[in-house]
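Enquirer: pasting the sequence and the predicted coordinates here, then a few questions.
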Amino acid sequence: MSALPEPRGSARPAHDPVLEIKNLSVDYGYDDPTHVLRQISLTLNRGEVLGLAGESGCGKSTLAYAATRLLPPPGLITGGEVIFTDRDGGKSDILALNDKDLRASRWQDMAIVFQGAMNSLNPVFRIGRQIADAITAHEPATTKKDALARAADLLDLVGINPDRARDFPHQLSGGMRQRVMIAMALALDPQVLIMDEPTTALDVVMQRQIVEQIADLRDRLGFSVIFITHDVSLLIEIADRIAIMYAGEIVEDAVAQDVYRRPRHPYSDGLLHSFPPLRGARRELGGIPGSPPDMANLPTGCPFRDRCAFAFDACAHITPELVTPAVPGDDPRRSVACLRHDPARVAAGGFAPVPVPDQLALR
Amino acid sequence: MSAPQPTPPPAPAARPPVDGEAPVLQAVRMQKHFPVRGFRSHDVVHAVDDVDIDLYRGRVVALVGESGSGKSTIARLLAQLMPVTGGQILLHGEDASVKGRRAFRKYVSRVQMIFQDPFGSLNPIHTVRYMLTRSLRIHRGRLRGTEMEAALEELLTRVQLTPPSRYIDKFPHELSGGQRQRVAIARALAAEPEVLLADEPISMLDVSIRLGILNLLRDLRDRLHIAILYITHDIASARYFADRTMVMYAGRVVESGDSESVTQDPKHPYTQLLVRSAPDPDDLDARARGARGEAPSLVRPPTGCRFNPRCPFATDLCRTETPPLLAVGEGRQAACWGYSDRADRPVLGSVLDAYGERPSADDELLRAVAAAPTKEDDR
């Protein structure tokens, strides 16, 4: 049995951001908008795999699309900035780019593997040509022959025989199509790769192959990854850092092993106990009672309080913000949005602070 | 590889199997071949081949497999939503194949199905009251007035939608996914079925409410003694919920046994690969890395064992003859020649070691890994 694995993120430089999302807010609808993202801040460091976890409808995909300005109407970015730092240190705000620069930046700097990646290939073109198209669109000087040769190399990179570049998408299995999408995303050597549920439609054996492939490519090519999924146990394996989202807000942000072994937010704790384990003792699990809140009319205070076993009177009135957990000895870089960890805010609001429960203060 | 658990886990409060108890619903060598369209095409998709399933009162059988392995087809066959092309379905030991509307209704009142997508299986223009009322009228005859109200209330209480008055007049769009799935279960229970076929009942739901549905189904098993067939691709939830687990690969059952032993000590190489591929944050080393290949085409499945193109231990025997389900322990079976007593049987090693290298049928490599256990009780 393996000992506690080292947190893999700790070996990397602590602060070399490639993408900084600051106070990003997104509304859906115009007249009576639903605030689906409220003042989200998140930093992706260079070479890091950042996991974004949460239930469906919590805004994790919206965050990815907003950060790349791919959000379709009626989604509307109402505030914040997304700072992208180039390899040479040049900074640009994605949200302020003009159309031409945005078009040049897309795929070159940040590439996305979409949720339905298996179906986002064009069925009437051969896959080699589809990859080559992405290359020639950004580098018009490339000849068609060179672009196709590079497409073949890319397929080889993701473990598909280059001979299959002349196949149509329907001739490939789901897992292979997913790899083609990854190859296409890597075509221009991007610095940030956003993967929106890349393995949800695949079975576990294929999921493992894809995940291994991504980890391997990350080590070879050195890009950063934002990996979006609802499968927390998968994230703990592949991500360096995990951000847990609930109802349009980040509720916890910490190194993967810390989230797994020492969750500080009651929702993270509940989420981790929502997956029956495959090994170890078989025990009764309850999931999280209740259901996710309706984003159109969120309750005041903490959006999780109705489902939370540790809620107290202040939770209904004060909206928690991300703070360092009130557990001595915790990694100072981790943060959690829970009033149990924020006695100062509770006291300022005129309530009596309640200590952190033992379950959320594991060492 | 994780060591066997020292402490026996708390048994999932199932009824102990009663010797000689007859299965409620039984499939005997069930087979389904779908014709492939095309001019003068005689090809068929071998969706399900030679599958035997026994469902007992008050017990849960899980059917685990990847997409396309035929597990949903089995549920549809057992619900008689489509005819089998071979084999038999027996209800209490009698041939249950139905012809005609009336016989089908009668069958349906005993065997009910829950579908994967509660967003699609409930009609959006009807209220919960209407849907449950219809199901009650069809299966329990003319209930009226207070009787009907009491029956509705009881159904909603049974699926833990309490207080019933809060949910009875809602439309599906006013309910969350978990609540909708509970309504779908209530509708199935209105028929007072003996068998419940649950086709991926939790995979469309939010992760935090999945366990609630599984716990509800388990409660129904214990209180109403319904036989449940639980279809899933998540082997961990099969371990949590089911008494027996059957693993399917490419239309055939490759392994069956009680859930705990199948997941903790998988015998068939495919089950081993499946168990070792599932994410497990506690044991990052015990992963089957470097596995290659995918499920075969079911139009022309490989001869012999259907897993042989991906199996690191396959020999010529595996490529030519189809392995039967061989006994590999108490109440356990695996369809792998490695557990037979034939002289030319393959030598099974650990999938972890084999895939660590790179799958190949290289005999030198295989001899290096541990020899397969030989069983006296082999057929």
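Expert: Noted; the coordinates are in hand. Numbering: from 1, shown residues only, chains lettered A, B, ... in the order given.

Enquirer: show me the contacts for residue A:34.
Expert: A:27-28, A:295-296 (CB atoms under 8 Å, 6 or more residues apart in numbering or on different chains). The way it works is simple: take the backbone N, C-alpha and C, and place the C-beta from them, glycine included.

Enquirer: nearest to residue A:329, of the residues you listed?
Expert: residue A:295 (35.9 Å; CB to CB).

Enquirer: what sits closest to that closest one if chain neighbours are left out?
Expert: Spatial nearest neighbour of residue A:295, excluding adjacent residues (CB to CB, 6 or more residues apart in numbering or on different chains): residue A:34 at 5.2 Å.

Enquirer: what's the lengthiest helix in chain A packed up against?
Expert: The longest helix of chain A (DSSP state H) is helix A:204-221. Packing contacts for helix A:204-221, counted by 3 or more CB pairs under 8 Å, 6 or more residues apart in numbering or on different chains; DSSP states H and E, involve strand A:49-53, helix A:174-185, strand A:224-229, helix A:232-238, helix B:269-277.

Enquirer: near chain B, which residues of the stretch 251-363 of chain A?
Expert: For the stretch 251-363 of chain A, the residues in contact with chain B (CB under 8 Å from any CB of the partner chain) are A:260, A:270-271, A:274-289, A:291-292, A:307.

Enquirer: what about these, which are in helices?
Expert: Cross-referencing these against helices under DSSP H gives A:260, A:270-271.

Enquirer: looking at the residues you listed, which is nearest chain B?
Expert: For those, the minimum distance to chain B (CB to the nearest CB) is 5.1 Å, reached by residue A:260.

Enquirer: ok, the closest one - contacts?
Expert: Contacts were defined as CB under 8 Å, 6+ apart; by that measure residue A:260 touches A:236, A:272, B:281.

Enquirer: for the longest helix of chain A, the distance to its chain's centre please.
Expert: Here the centre of helix A:204-221 is set off from its chain's centre by 16 Å, with CA atoms, centre = their mean, to the nearest Å.

Enquirer: and the angle for that helix with strand A:224-229?
Expert: Angle, helix A:204-221 to strand A:224-229, by axes from the mean of the first three to the mean of the last three CA atoms, to 10 degrees: 160 degrees.

Enquirer: buried ones in helix A:204-221?
Expert: A:204-214, A:217-218 (16 or more other CB atoms under 10 Å in any protein chain shown).

Enquirer: okay, now the unreliable bits of the stretch 251-379 of chain B?
Expert: Low-confidence segments of the stretch 251-379 of chain B (pLDDT under 70): B:283-293, B:352-379.

Enquirer: what ranges does it have for its strands?
Expert: Using DSSP state E, counting those that start in this stretch, the strands of the stretch 251-379 of chain B run over B:252-258, B:326-329, B:332-334.

Enquirer: need the winner for burial among those strands.
Expert: strand B:252-258 (a mean of 25; mean count of other CB atoms under 10 Å in any protein chain shown).

Enquirer: hmm, it in reach of chain A?
Expert: No - residues of strand B:252-258 contacting chain A under CB under 8 Å from any CB: none, with a closest distance of 11.9 Å.

Enquirer: any idea how far the residue lying closest to residue B:129 once chain neighbours are set aside lies from residue B:140?
Expert: Excluding its sequence neighbours, the residue lying closest to residue B:129 (CB to CB, 6+ apart) is residue B:168, at 4.9 Å. As for residue B:168, its distance to residue B:140 is 17 Å (criterion: CB to CB, to the nearest Å).

Enquirer: got it, and residue A:33?
Expert: 47 Å.

Enquirer: dump the residue contacts of the residue lying closest to residue A:261 once chain neighbours are set aside.
Expert: Closest residue to residue A:261 apart from its sequence neighbours, by CB to CB, 6+ apart: residue A:362 at 6.9 Å. By CB under 8 Å, 6+ apart, the contact list for residue A:362 reads A:261-263.

Enquirer: most surrounded residue in these?
Expert: residue A:263 (25 neighbours; other CB atoms under 10 Å in any protein chain shown).

Enquirer: okay, angle between the longest helix of chain A and strand A:49-53 too, please.
Expert: On the basis of the same axes, to 10 degrees, helix A:204-221 is oriented at 140 degrees to strand A:49-53.

Enquirer: so what touches helix A:204-221?
Expert: The contact list for helix A:204-221 (CB under 8 Å, 6+ apart) reads A:47, A:49, A:157-159, A:174-175, A:178-179, A:182, A:186, A:189, A:195, A:198-199, A:202, A:223, A:225, A:227, A:234, A:237-238, B:66, B:233, B:235, B:273-274, B:277-279, B:287-292, B:294.

Enquirer: got phi/psi on residue B:27?
Expert: Dihedral pair for residue B:27: phi -110, psi 130, per degrees, to the nearest 10.

Enquirer: now do it against chain A, distance only.
Expert: Distance of residue B:27 to chain A, given as CB to the nearest CB, to the nearest Å: 23 Å.

Enquirer: which non-adjacent residue is nearest that residue?
Expert: residue B:53 (4.4 Å).

Enquirer: cool, and residue A:263?
Expert: Distances taken as CB to CB, 6+ apart put residue A:269 closest to residue A:263, at 4.3 Å, once the chain neighbours are dropped.

Enquirer: wait, the one you found sits on residue A:357?
Expert: No - judged on CB atoms under 8 Å, residue A:269 makes no contact with residue A:357 at a distance of 9.7 Å.

Enquirer: specify the residue positioned farthest from the middle of chain B.
Expert: residue B:145 (39.5 Å; CA atoms, centre = their mean).

Enquirer: separation between that residue and residue B:130?
Expert: Distance from residue B:145 to residue B:130, by CB to CB: 16 Å.

Enquirer: those helices in the stretch 101-250 of chain B, which residues are they?
Expert: When assigned using DSSP state H, counting those that start in this stretch, the helices of the stretch 101-250 of chain B occupy the ranges B:101-108, B:128-140, B:145-158, B:164-167, B:177-189, B:207-224, B:235-241.

Enquirer: quick one on the thing from earlier: residue B:168 and residue B:140: who's more crowded?
Expert: Using other CB under 10 Å, the more surrounded residue of residue B:168 and residue B:140 is residue B:168, with 19 against 15.

Enquirer: need the contact list for that one.
Expert: Contact analysis of residue B:168 by CB under 8 Å, 6+ apart lists B:127-129, B:152-153, B:156.

Enquirer: from those, which single one is nearest residue A:167?
Expert: Of all those, residue B:128 has the smallest distance to residue A:167: 48.4 Å, by CB to CB.

Enquirer: correct me, but that closest one touches residue B:164?
Expert: No - if you go by CB under 8 Å, residue B:128 and residue B:164 don't touch, sitting 9.2 Å apart.

Enquirer: neighbour-wise, which of those two wins?
Expert: residue B:128 (27 against 20).

Enquirer: quick one: contacts for the more buried one?
Expert: Counted by CB under 8 Å, 6+ apart, residue B:128 has contacts B:156, B:167-172, B:175, B:183.

Enquirer: try 7 Å this time
Expert: Applying CB atoms under 7 Å, 6 or more residues apart in numbering or on different chains to residue B:128 gives the contacts B:167-168, B:170, B:183.

Enquirer: compute the number of surrounding residues for residue A:358.
Expert: 7.
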